[in-house]
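In: Okay, sequence plus prediction incoming.
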There are 4 protein chains.
Amino acid sequence: MLNEFFPNVPKIQYEGPESDNPFAFKFYDPDKAVAGKPMKDHLRFSLAYWQAILSDGADPFGAGTMQRPWLSITDPMEQAKARMRAMFEAVEKLGMPFFCFHDRDIAPEGDTLRETNRNLDEIVSLIKEYMQHVNVKLLWGTACLFKHPRFAHGAGTSCNPDVFAYAAAEVKKAMEVTHELGGANYVFWGGREGYDTLLHTDMKIELDNMARLLHMAADYAKEIGFKGQLLIEPKPKEPTVHQYDYDVGNILSFLRGYGLDDRFKINVEQNHAILAGHSFQHEIRLARINNMLGSLDANQGDYLLGWDTDQFTTNLYEAIAVMYEVLHAGGLAPGGMNFDAKLRRQSFEPDDIFLSHIAAMDTYARGLEVADRIINDGTLDRFVEERYAGYRSGIGKEIVDGKADFKKLEDYIIDKADIQNRSGRREWLESLINRFI
Amino acid sequence: MLNEFFPNVPKIQYEGPESDNPFAFKFYDPDKAVAGKPMKDHLRFSLAYWQAILSDGADPFGAGTMQRPWLSITDPMEQAKARMRAMFEAVEKLGMPFFCFHDRDIAPEGDTLRETNRNLDEIVSLIKEYMQHVNVKLLWGTACLFKHPRFAHGAGTSCNPDVFAYAAAEVKKAMEVTHELGGANYVFWGGREGYDTLLHTDMKIELDNMARLLHMAADYAKEIGFKGQLLIEPKPKEPTVHQYDYDVGNILSFLRGYGLDDRFKINVEQNHAILAGHSFQHEIRLARINNMLGSLDANQGDYLLGWDTDQFTTNLYEAIAVMYEVLHAGGLAPGGMNFDAKLRRQSFEPDDIFLSHIAAMDTYARGLEVADRIINDGTLDRFVEERYAGYRSGIGKEIVDGKADFKKLEDYIIDKADIQNRSGRREWLESLINRFI
Amino acid sequence: MLNEFFPNVPKIQYEGPESDNPFAFKFYDPDKAVAGKPMKDHLRFSLAYWQAILSDGADPFGAGTMQRPWLSITDPMEQAKARMRAMFEAVEKLGMPFFCFHDRDIAPEGDTLRETNRNLDEIVSLIKEYMQHVNVKLLWGTACLFKHPRFAHGAGTSCNPDVFAYAAAEVKKAMEVTHELGGANYVFWGGREGYDTLLHTDMKIELDNMARLLHMAADYAKEIGFKGQLLIEPKPKEPTVHQYDYDVGNILSFLRGYGLDDRFKINVEQNHAILAGHSFQHEIRLARINNMLGSLDANQGDYLLGWDTDQFTTNLYEAIAVMYEVLHAGGLAPGGMNFDAKLRRQSFEPDDIFLSHIAAMDTYARGLEVADRIINDGTLDRFVEERYAGYRSGIGKEIVDGKADFKKLEDYIIDKADIQNRSGRREWLESLINRFI
Amino acid sequence: MLNEFFPNVPKIQYEGPESDNPFAFKFYDPDKAVAGKPMKDHLRFSLAYWQAILSDGADPFGAGTMQRPWLSITDPMEQAKARMRAMFEAVEKLGMPFFCFHDRDIAPEGDTLRETNRNLDEIVSLIKEYMQHVNVKLLWGTACLFKHPRFAHGAGTSCNPDVFAYAAAEVKKAMEVTHELGGANYVFWGGREGYDTLLHTDMKIELDNMARLLHMAADYAKEIGFKGQLLIEPKPKEPTVHQYDYDVGNILSFLRGYGLDDRFKINVEQNHAILAGHSFQHEIRLARINNMLGSLDANQGDYLLGWDTDQFTTNLYEAIAVMYEVLHAGGLAPGGMNFDAKLRRQSFEPDDIFLSHIAAMDTYARGLEVADRIINDGTLDRFVEERYAGYRSGIGKEIVDGKADFKKLEDYIIDKADIQNRSGRREWLESLINRFI
């Protein structure tokens, strides 16, 4: 087992709810069967390289705080290699079945894209080597089209065609690398695909160009034989004032408008959902019933703050709601639950990397078990089924079957004086959920 | 001229910016030519019956405050007739070219829909009579599917098929009435088409049913020969916790998903836009470039409050942005600008009805003139055009023309070390706008 | 036992977590000892008359939905009496030890204040009679200074001295009545004490007048021998655009500035806290360490909505945080936990009154038990104590003891190159809390 | 005139509203008399060193974008000197009468505080030299207690006494330097004085310690003979989850509770105000009527975003409201209006530094002129005076004079059936403001 950077951290084992060992799972028992398959196959956890390894604790008002042994290595490529070793050590110790990365996280930029690609290839070789020894797969890869100053005006939506070309070439390489590593998905997050002010923005050109980039990407995936899912990730704002991929609905509208809805699915994130004014469950549900649920970014935001805090999920209600949707969706594969969650700036010790992932993995494991109990108990689902029972017979069935029109419905109701509704019983349903925790 | 309820208020005339007369327009000069047509034809102002006449100043913590002469009439039908006379008096004195109403605003409910329709017919006859004498047209009609307790669980999305049937029959009648009165549009605002909690909600059935209702409506419009636009109005939340018609993007996604996008356009409102986290201009622009801009609800919200305040527009920046979009859209017709704006609870004197509409009409008139100056000056539009000039030649043109793919773009950029961007100049552009005010 | 309005609802008993009976407590076991005293003495639950009995389900977009047997009684005084009987029946069946009311909730207004007071007296007599038979006390009384149109511009802060006089006289009577019924507290919630726009507001006069009203009230309480606590309740906005009693800090500033801080304490509410951008725990903590924690309005808001939803508390995290603060405060008495929570508009059946209170009472009972376990376990409190240990010796102690000034501290630190911080371990602490649920 | 870094930018002159020259003032005419004194003495503009010179365009998702000639200088002290020359060049060309800085902005940190102070002294000498040639004064100085990792848990509120000591010693030096440079004010902004989670926070110790630091600072100011104002700047959140100096009210409560209210005044910022849910005018007014208005941070935020965007003010309504308050306050001195505003990440050319300051200076100048016209016209102020006229005679005067108590007021009102209010006329007042633009 790799043991270079976190020598005091053992392989994390399941010890059960009574354990006092901070470096043990209390609820996540990977091989335990729930709803007919092992926990790990429901949850499909993934470590996010940029959060777990790269995130330094800097914020707009302060410098990085994270104490990381590899920061003393000054040569960029050497540090990049050390960080990759650290990632595999973390992945192995946590028993994490997947990982995710952006191209620019793992290897430094050179003076030209050609040089940058060379750096990337060197690290990718290293990853392939480690993947032969450590039992982990690539959930998804992606291109970072937001950090470098060249993307200040956007990437696919930049007003500068050179930047569009750069973005296209960067995505091309990132897709190749993802394919090479056997990635199950490829993700687009358009952190700069939006605008700062409409005063200088031609929204039509920008959206047309974004669609052009995605069409090229879909074509190229086909060309190279990449069979994984292509995913778009919604976020309403930040870093830009307004992002085109605002939420699931806005993305659906865009994909349908440009004939892309059969090539892309959606990667939903909790913190992005609430910044758009939706619950995470709403966004997952909307994606699910439109057959667009691709994968999840597993984190939680602070409802009282207006920016992306990307916290590790420890709220059981959030976890229960997610797992309830996932169970009803019949599972997430080929997607998974990627820990796009970063340590608080004050949680700067190396141990915190493990404590935080354990906290979130236990939370989702418990959420899965609660959701499974809710579904097995059946009270909740029966309540819903009963509520809409009217649409399974009589006038309700005629509506659903397309046999009713305005005239028929008017005839049916025009002299009816007594329409009866039943209570929605929200308060009781909420207390019902509590009983399963 | 009608002069029963507001005897102290004269016919409002244009007197110019120097006038001190509160009952005069300072900027709205209906027949003045701007950009080649009279102001009034750009603005297409409409009085909203429910706001101007019905709104009583009640809020969740207090009773109505509005002092209205017709409130002393206790017989519901007699009061309804008096209110209609008051509306025509207001419309005539303000020189308002259009009005709008919900079916239930203008006539009281009976014990059955048949009785209710009878009440409605009686008032509609009265309206037709007044429309022969007062020079005003119907911008749009709509059905109120949110006030009555029967709609507690939704109308088209109710879990109760009887409620769906009622909603369908009510819309049928409201469309007939709108058609009879020569309405230019028919609007759907789904105030209860959403949910309170996902715990008891089958989102799939609800959205399917909403689509069914809209298909029936579109079919019925065709059947009766109604040529006006069918419009849907986005609002993200309130009264429900979450409304399906969240914003322009979510509506587009829904319409496209259910094959309704060629039958409906969108009625955008400022206050609903900002509650969804968008600027009004964003929502208008998004509708416009998707060829879905139908009409506008002209009001403004308070950015520091989280509910719909529906204030009269007095902010020039809001008005300039709207009119800039309208001018670039080539006009609003057959839509218009409906004053879905209510008096503050503390503005309870009858005069305030006039003072508030004058304030908003002047604001938009000035907004129109400023937007026209901005467009005539050309600096702003040239800046935008220049910004995207790269897409009109060279590699940019190849991207736009569909002649570039990932490989070609990679070849173009892979050894290029010097991508140059230009400043977005937002601060300067903002000061530029100020120069035209 | 009273059994007139809710004949199907039995006396609610504790049956334990395994019970399937919706009309039973699963966690609230009133006489069970926790931390050395019975649950009921920690929780001091109170029914809010206006929410439980009066709330009709109306919202700004729809009429009342609540099905209540007493609504068929048309005579105002007779209905008021019936409603009071219903309240005592609910209180008795729920085993609620306290209740609260506004003056205008319980008796209708007459043409003058004198007549109104007469109506009030009649109902108060009835209450006194019932209190001899039903084991319930008055947690607090208050005057409704926000519903009537006369308060459109404020009550104590009205620009109209007649309104100030009316408010003063109304508070006088409400205090007398509260005193007569043995109320443990008297509350001020200034729903109209704020402004709609600064354009017409003299903030200085308004705040001075508000202080005058409170001084008069404190003097009058003394004069009539009322020994209960006087409480002010913060809320940032709604119904007004901006309320002076924005949050605990703003109230403290006001009370201290006008010399009122030794006469008033604070009644904190969850939903008002989050509308001001604070967690409920923050507001309770801030009040507690300033010795200003008076009582609690027990509800929960929706973090994604911008208005007061006043939901019944079912979120365990909210309940645990509250009870952790209450246990550390040494209890709430003479304050309590008042259910200022209303049924959702869709929960309109009479049974919902009981189901909702049971849900919330169980949630707080469970919160109390979890908080007690957290405190008994000691890990959390030890972590905090250890974190600040530096202030109990050395330079830290000198700072706390006032023995250090800038020069001394500069001497101490100016050549020190190695300041060491320890991780805040937030993620681990959050998972620790979960272990006690 | 200095002309090293911005060779293409001339001295900015007033050319009037008709000028097309982007490098000229259209409204700011420094010596023009308004309300009896020169514009520049009303406005007291200050350049914020960290924003104008240091701000690099980085955000949480991307690297710096700003093109600045001095960034090619790699030696930290040499770059610091070059930056200072650039600041004086900018100040001189803009005709800015004041500047502001944080200690760590202007000179790099050494290994110990002693070394850091040495670096600081070297730059301070340079500043003194330049101040002899360039006509500019120091509006305020401050210590940066938020960037360095040592402040991760707070500065004055850190759980680590060594950090408290460091903060104290750093403030000591920053006050000395401010004094040496003739600073008119000294500011505290507690960017880390708050908490991330209450789970590990002892709020009482933290607030006590913050008060201790401020007492030491006030004592030290006296000791060294610093006569300038001591100021605290409110901000509700960001970078921390919750900051103690939430808003004007919370600061007032704190200062009054710890006996500091006669030693400190408040530095109010627009963007911080709106993040706390207040209008800027509200916060200024509240400070003003409590005699606590010290100075202003002149910027504007985006009402649709939940983080601090610190934009240059171009909104005339914001500027008019500010200047209306400033005129009624009788001026800002010894405070001023500091441009705590940063260029958008896309406005990265050196020219933008000038274009943005010109935009904001013109906006405030125009705001001053409009506010002056409003006050001279008198309609608005008369409306307010008239609105509260009732408190200048009769029962109103008795209330104000302390001659009325509950009994007297009850006698006065108990039989009065006809309380009359007048309309608040908000809509008309808003249109009135527009007439002066």
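Out: Happy to help now that I have it.
In: From now on I want contacts and neighbour counts done on CA atoms only, so please keep to that.
Out: Noted.
In: list the contacts for A:S431?
Out: Taking Cα atoms under 8 Å, 6 or more residues apart in numbering or on different chains as the contact definition, A:S431 lies against C:T314, C:A359, C:T363.
In: Let me have the residues you listed in TSV, extended by secondary structure, distance to chain A and pLDDT.
Out: What follows is the contacts of A:S431, written out as TSV (DSSP: H, G, I helix; E, B strand; the rest coil; distance: Cα to the nearest Cα, whole Å; pLDDT from 0 to 100):
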residue	secondary structure	distance to chain A	pLDDT
C:T314	coil	6	98
C:A359	helix	5	98
C:T363	helix	8	98
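In: Just the buried ones out of those residues, please.
Out: Neighbour-count burial within those applies to C:T314, C:A359, C:T363; the criterion is 16 or more other Cα atoms under 10 Å in any protein chain shown.
In: Could you check the pLDDT of A:L286?
Out: Each residue has a pLDDT score; the one for A:L286 is 98.
In: Just say helix, strand or coil for it.
Out: With DSSP: H, G, I helix; E, B strand; the rest coil as the basis, A:L286 sits in helix.
In: measure it to B:V241 for me?
Out: 15 Å (Cα to Cα, to the nearest Å).
In: How about A:A218?
Out: Separation of A:A218 from B:V241 (Cα to Cα) stands at 37 Å.
In: ok, now A:I224?
Out: Distance, A:I224 to B:V241, by Cα to Cα: 45 Å.
In: One more: A:E325?
Out: Distance from A:E325 to B:V241, by Cα to Cα: 19 Å.
In: ranges for the strands of chain A?
Out: With strands called from DSSP state E, chain A shows them at A:13-14, A:24-25, A:33-34, A:37-38, A:45-48, A:98-102, A:137-142, A:185-188, A:194-195, A:229-232, A:242-243, A:265-269, A:293-297, A:337-339.
In: Ok, which of these comes nearest chain C?
Out: Between chain C and those, the shortest separation by Cα to the nearest Cα is 10.9 Å, and it involves strand A:24-25.
In: which parts of the stretch 101-250 of chain A sit against chain C?
Out: Within the stretch 101-250 of chain A, not a single residue sits near chain C (Cα under 8 Å from any Cα of the partner chain).
In: quick one: contacts for the single nearest residue of the stretch 1-150 of chain A relative to chain C?
Out: Nearest to chain C, among the residues of the stretch 1-150 of chain A, is A:P17, at 7.3 Å (Cα to the nearest Cα). Counting by Cα under 8 Å, 6+ apart, A:P17 touches A:K26, A:F27, C:R435.
In: Apply 10 Å and report the result again.
Out: Residues in contact with A:P17 (Cα atoms under 10 Å, 6 or more residues apart in numbering or on different chains) are A:A24, A:F25, A:K26, A:F27, A:Y28, A:D362, C:R435, C:F436.
In: Adding mean pLDDT, write the strands of chain A out as TSV.
Out: Formatted as TSV, those follow (pLDDT from 0 to 100):
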stretch	mean pLDDT
strand A:13-14	98
strand A:24-25	98
strand A:33-34	98
strand A:37-38	98
strand A:45-48	98
strand A:98-102	98
strand A:137-142	98
strand A:185-188	98
strand A:194-195	98
strand A:229-232	98
strand A:242-243	98
strand A:265-269	98
strand A:293-297	98
strand A:337-339	98
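In: Would you check how far apart A:Q311 and A:G62 are?
Out: For A:Q311, the distance to A:G62 equals 18 Å [Cα to Cα].
In: Which of those two has more residues huddled nearby?
Out: A:Q311 (22 against 19; other Cα atoms under 10 Å in any protein chain shown).
In: May I have the beta-bridge partners of the residue most central in space within chain A?
Out: Nearest to the mean C-alpha position of chain A, by Cα atoms, centre = their mean, lies A:D297 at 2.0 Å. Counting by DSSP bridges, A:D297 is bridged to A:E269, A:N338.
In: So it sits against A:I284, correct?
Out: No - taking contacts as Cα atoms under 10 Å, A:D297 lies outside contact range of A:I284: 11.0 Å.
In: residues shared between the contacts of the two?
Out: Both A:D297 and A:I284 are contacted by A:N267, A:V268, A:E269, A:Q270, under the criterion Cα under 10 Å, 6+ apart.
In: contacting residues around A:A389?
Out: A:F383, A:G396, A:K397, B:C159, B:N160, B:P161.
In: Look up how far A:E325 lies from it.
Out: Look at A:A389 and A:E325: by Cα to Cα, they are 21 Å apart.
In: ok, now which ones touch the residue lying closest to A:A276 once chain neighbours are set aside?
Out: Of all residues not flanking A:A276 in the chain, A:P236 sits nearest, at 5.4 Å (Cα to Cα, 6 or more residues apart in numbering or on different chains). The neighbours of A:P236, taking Cα under 10 Å, 6+ apart as the test, are A:191, A:194, A:242-248, A:250, A:272-277, B:277-278.
In: pLDDT score assigned to A:P236?
Out: Reported pLDDT for A:P236: 98.
In: now A:A143
Out: pLDDT, A:A143: 98.
In: isn't it right next to A:A174, touching?
Out: Yes - at 5.7 Å, A:A143 and A:A174 qualify as touching, with contact defined as Cα under 10 Å.
In: separation between the residue nearest to the centre of chain A and chain B?
Out: Counting by Cα to the nearest Cα, to the nearest Å, the separation of A:D297 from chain B is 21 Å.
In: With A:S279 instead?
Out: As judged by Cα to the nearest Cα, A:S279 and chain B stand 9 Å apart.
In: ditto for A:M39
Out: For A:M39 relative to chain B (Cα to the nearest Cα), the value is 24 Å.
In: distance of that residue from A:Y364?
Out: 10 Å.
In: shared neighbours, the two?
Out: When contacts are counted by Cα under 10 Å, 6+ apart, A:M39 and A:Y364 are jointly contacted by A:Y28.
In: more crowded one of these two?
Out: Regarding A:M39 and A:Y364, a neighbour count based on other Cα under 10 Å identifies A:Y364 as having more, with 28 against 20.
In: so that one sits right up against A:V326, yeah?
Out: No - using Cα under 10 Å, A:Y364 is not in contact with A:V326, being 11.4 Å away.
In: Common neighbours of these two, please.
Out: Jointly contacting A:Y364 and A:V326 under the rule Cα under 10 Å, 6+ apart are A:L43, A:I320.
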